[in-house]
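>>> no FASTA, just this:
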Ligand SMILES: Nc1ncnc2c1ncn2[C@@H]1O[C@H](COP(=O)(O)OP(=O)(O)OP(=O)(O)O)[C@@H](O)[C@H]1O
Ligand SMILES: Nc1ncnc2c1ncn2[C@@H]1O[C@H](COP(=O)(O)OP(=O)(O)OP(=O)(O)O)[C@@H](O)[C@H]1O
Ligand SMILES: [Mg+2]
Ligand SMILES: [Mg+2]
């Protein structure tokens, strides 16, 4: 099926100006892991100056394919041709020197090195053919870094360049990672969910960058779960399902639901959620909440069964607000009432006791205990509630609980005793939501609930959220994914410069209006 | 078959105790019906010595001759040894209760006083002096330091003791560093008394480098060969010691006598120079203490007489 | 991960067989078994302390164990006789002695815990410093010389009079080990400690009280050390500040030999006990054979490396591409 | 930390206090320096004798061996490992080579001897590195193993006795003088030439860490080995290099120890590991790896040496000295602790 799947599609909209031999040619790629047949004879071609979108559900094989192209993992079968030449045993360095640059989900950044070093070192490493004995050219390091930083719209002053990457927020790291890719004169740039933590502004910036790359004859391969984005970027798409390439073509010729159908094999309806009963008694009251330079006079209220969206650019203070509600980075002043009772959220446990569940933004570093069992990750916040008389954890109880949650959230795992890292992101995300649910919160703060989650899982997660709200739980979604907010929320609060700028009724707003509210430079009048 | 006498020393392999081993082996060779051997912990740590002896008891040897790392630490385990019918003799442990015979090459107080007298002569009975110990934990070193301090206080009013009992941790380099520091703190220092066998080496080097050879008197215990260069150069005035070889020999001889149930009498002769007229007195416990007069003074003149 | 367990069990069996084969029957006569059993607890307890510290992660380690043990013993040895006369009320004496030991251990533990959890010291520095400080106090209290307890029957029985063939101190040690093991495995504290060790940030977000967890871990470690202190005092019927200076490294050796992960998040008490036993038997065997203690160290090191090699060729590590976290 | 948004890194509303705080956080050795100054001033106040050239000389001399160890340890720590075997390596080289040369080639010139010793150390280091890499075990564990093996080997098969007949070249080397002053008290203070070895080692280490790809690779691996490997850094090369380098320095340190002391005692050096580690950490390196600086390490070594060599000057009776040192380390550690939480 390999060739038959690709060849007829080849001509379709291939705007490639380059000669007959494509930059990269994969044929019959197979990859097996213990038990899993991750890739089943994938064949495709990557042409210079072309943009590709690699789509598929969690675990469909996207990352694996990428790891093979970038030499991080060897393929079990199949051949790889670069510029028409067959390459055997592709190493990371080999791929790099062939001009294949990759931004993995962990961003492939070195936390304890500076921005400059992260951006520019690879280049010199490649030139040195990996010979570590060779000396570093500091001047060139800086020059390269500055150019690349400009390209992605980050500051280029030495102060910023000498920051350690671990000191940067995720979105900034993401841009730095992209800058690194640009720094090396790459022929093919692969991005595994590059926008998962970017706000619209950075995404637009990124899209611009990608455009430039593409003009300069670079091929770009996106792995993404955000269909809208892909459509707005345009280019070709490749859909994987269960490790097979099921469809490729030009993205503008196909509708979203069509694409998601190929990925999931089922039709999903993007129906908007409506709150069951208006005017339910107030669940959460927030008054004049403030925290240092992060946000100030934040006041709003949330009713039982209501879903409130909070949108905002990165420095708008929405992340800090979310963490303040979770007691992770406490507010300095103001008042929070849950069910009319004033609560002091000095640390996460306070929030839990107050009945506030929280799903953190960064699944891997803030959320999961990767090598610990799935079940343990689910019950970890309610250990005290499942103690038996001896003060020991009631194993049966904890199993029952985690099984129930796994079932409720459709977490697909061979065994709940397996480490969480053995799950794909979508499932990992559901584990986190499950952890929050286990605390039986009155109110759920979801911080980027579907980052890196495929359309299928997204749909499931939305249903879960809506069901919870239906049962009278208050939900706050903090997210960059405007469609997601529009689809799920009753009201959407837009934050700017640490203040609430505007609040919309989800019925009377569309994506553009929201985006304008986000990006507008108008300083919000105090205490909206 | 043969009776088994095992000698347990403070630290295996140290120059001092390899010399002692010669005596142990020699006794084993000369006496038929006896096999002797010497063992010791790999680290200078009472705990390790205790463990060694625990295993010896389990192994049920006939007699144990011990040079305790620190006598009090062996009370328990030696008691068990005796309870199990193993004969126990010790050396350098006159404060040990649970032993049958403790053999001292000489009276430690006298030995300390002897250091001090030599020092006094050299210093002209006046001036500031200081003392070293291997560690505040090693009994005999402390005994010598205290005894010589007492001696000075009594006989030499013009001798001023400063910062007594500096620890060298049995490391020549530490002794060296501390000497340097002492010289800064007390520029008019006139005498130093070493504690552990390596102290004179460190002290001597410090003085040589400071160009103070002959200006400061140094006495202490040490091994002739190890210390010879500093004795020759005069950086170390003199060392006193007892020959570990003889001590090892005598220890095993006493152990054998215990096995054979022989009598110990005051003034008895153990057939080794320095141990020909053993003073017998009651120990702190049930056991007795046998004391010889086995110390030797070594200086640049008689150095070549001793090859160990 | 149960490779460790199998390996250690096999190792113990192997050493035992070898010992009997070479050193003869006398090695497994009841007396020697008991004598070995009485020697295991002090090191075992210290190793468990190190294990707790390591599990808690972020470079966790406890170097102050033996210092605490000695201080506990010394304080008791100086204090208790003033309260209870060992000759008239030996039993009372023994219990008060144990009590004081525990109190000292608790105090030292709180110091370590505070320094690490509140003052944010790096564990290795904090415990290195406190170990010197505690030792220093012991020196000051005793002027550096040892303190004799004399023969106190209940203390001696605690070590040497077996019940059903098992020395009491060993039984107590096992009891403690089981208790700790169970706590780690089944109690919320244990689960949280493991999780804290595997991802501190996530632990914070999950609402753990990190400070309290670290407090507890290090305090527990010192309390265990003070129990070791009591056992030491009872076993050798005297106490001294420089007893067991070689234990610091050996305790760590036992822990890592048991597969405890220095980077945190993993470690089994069962394995710690087994590895303590293995090292004990090995060293006793060598002593039986008059093999030098230097060679024993040589063998220990070699054993550890072999152990690593064995657990390295674990099919899982061969299959999955990613490398194990290194410390 | 993660709340920190880059746009505000440059924004002027950041209070100068905060900026200083940030600067300190990024330059931990400053704390070490402050501590050194504090200690010196205090001791100087108690004992004027502290302020004299000879004292500086003695500090320098006493820092050499620890310093060499420290630099080696720093490099390994930067790569995310912990080494406990360097003292064992040094002891083995020091004793084995000294005795061998005394027996067979007492005429051999010091440079050659140093080279042999360094190479010997390097070889063992390479062994360490390969083990750490292929056993995929934490360096701490592996090196505990190797240190037991090395020490056991030395004392079982090579020898245990104090060795005093040091070959002349070795001894002479220890006597070369850089600078000699006559103190007013009539004694002589000498700055030995071998302190230059430490200076050289420090410069080389600095150059490697900051000016070569290897240096960056070391930090890369120390920061996150799997990412670094993906980016094409060869973890094996790095592991082997850092341990080889540490072994190299240990070999040199061992030889210097002999030529400074004019005796070879196989029991020396071992047990000083923790002191070295303390120095490096008090120099601002993070024990969890991926950080640290040469200057910090040197300062840390100086600090610890300082504290250990002023106790008598300060007139602290020997019974109290352990306690004092302990408390000091805790205090120093606390300073860094507050830094972290700052
Ligand atoms: N190292 C591995 N060991 C075992 N199985 C693996 C490994 N890596 C991937 N797999 C399996 O291969 C399949 C494809 O994984 P892959 O990471 O490619 O999915 P993905 O498309 O990237 O999913 P996601 O959208 O969550 O990133 C999954 O079923 C996964 O379980
Ligand atoms: N060590 C491992 N053992 C087994 N499976 C693994 C391992 N490492 C990764 N995987 C598999 O890789 C698959 C996806 O890995 P990946 O990291 O791409 O997921 P993810 O990126 O977190 O998901 P998403 O892309 O949706 O965020 C998972 O399904 C997981 O099963
Ligand atoms: Mg993936
Ligand atoms: Mg993925």
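Yes, it's here. Keep in mind the model is a prediction, meaning the values are calculated, not measured. Ligands and ions are numbered 1, 2, ... in the order given.

>>> Neighbours of the closest residue to residue C:305 other than its chain neighbours, how many?
Leaving out its chain neighbours, the residue that sits closest to residue C:305 by CB to CB, 6 or more residues apart in numbering or on different chains is residue D:145, at 4.4 Å. (Each C-beta comes from the backbone N, C-alpha and C, glycine too.) Applying other CB atoms under 10 Å in any protein chain shown, we find 28 residues neighbouring residue D:145.

>>> OK, contacts around residue A:72?
When contacts are counted by CB atoms under 8 Å, 6 or more residues apart in numbering or on different chains, residue A:72 touches A:66, A:92, A:102, C:321, D:230.

>>> The helix or strand where the first one lies: how far from the chain's middle?
Meaning residue A:66. In this assignment (DSSP states H and E), residue A:66 forms part of helix A:62-69. Between the centre of helix A:62-69 and the centre of its chain there are 17 Å (CA atoms, centre = their mean, to the nearest Å).

>>> Residues in contact with the strand or helix carrying residue B:219: which ones?
Taking DSSP H and E as the criterion, the element that holds residue B:219 is strand B:217-220. Outside strand B:217-220, the residues that touch it by CB under 8 Å, 6+ apart are B:115, B:118-119, B:122-123, B:129, B:132, B:190-195, B:199-200, B:203-204, B:207, B:235-240.

>>> Quick one: mean pLDDT for that strand?
Averaging the model's pLDDT scores along strand B:217-220 yields 95.

>>> can you check stretch B:226-240 too?
Mean pLDDT, stretch B:226-240: 94.

>>> which residues make contact with that stretch from outside it?
B:15, B:111, B:114-115, B:118, B:122, B:194, B:197-198, B:200-201, B:203-205, B:207-208, B:213-214, B:217-222, B:224, B:295-300, B:303, D:162, D:164, D:262-263.

>>> Just those: which are in helices?
Members of the contacts of stretch B:226-240 lying in helices (criterion: DSSP state H): B:15, B:111, B:114-115, B:118, B:122, B:200-201, B:203-205, B:207-208, B:224.

>>> The residues you listed into JSON lines, with extra columns for distance to residue D:121?
Listed next are the ones in helices among the contacts of stretch B:226-240 as JSON lines, based on distance: CB to CB, whole Å:
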{"residue": "B:15", "distance to residue D:121": "26"}
{"residue": "B:111", "distance to residue D:121": "43"}
{"residue": "B:114", "distance to residue D:121": "45"}
{"residue": "B:115", "distance to residue D:121": "41"}
{"residue": "B:118", "distance to residue D:121": "44"}
{"residue": "B:122", "distance to residue D:121": "44"}
{"residue": "B:200", "distance to residue D:121": "31"}
{"residue": "B:201", "distance to residue D:121": "25"}
{"residue": "B:203", "distance to residue D:121": "30"}
{"residue": "B:204", "distance to residue D:121": "29"}
{"residue": "B:205", "distance to residue D:121": "25"}
{"residue": "B:207", "distance to residue D:121": "32"}
{"residue": "B:208", "distance to residue D:121": "29"}
{"residue": "B:224", "distance to residue D:121": "33"}
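
>>> now, among the residues you listed, which is nearest to ligand 1?
residue B:15 (58.5 Å; CB to the nearest ligand atom).

>>> contacting residues around that closest one?
B:197, B:223, B:226, D:161, D:162.
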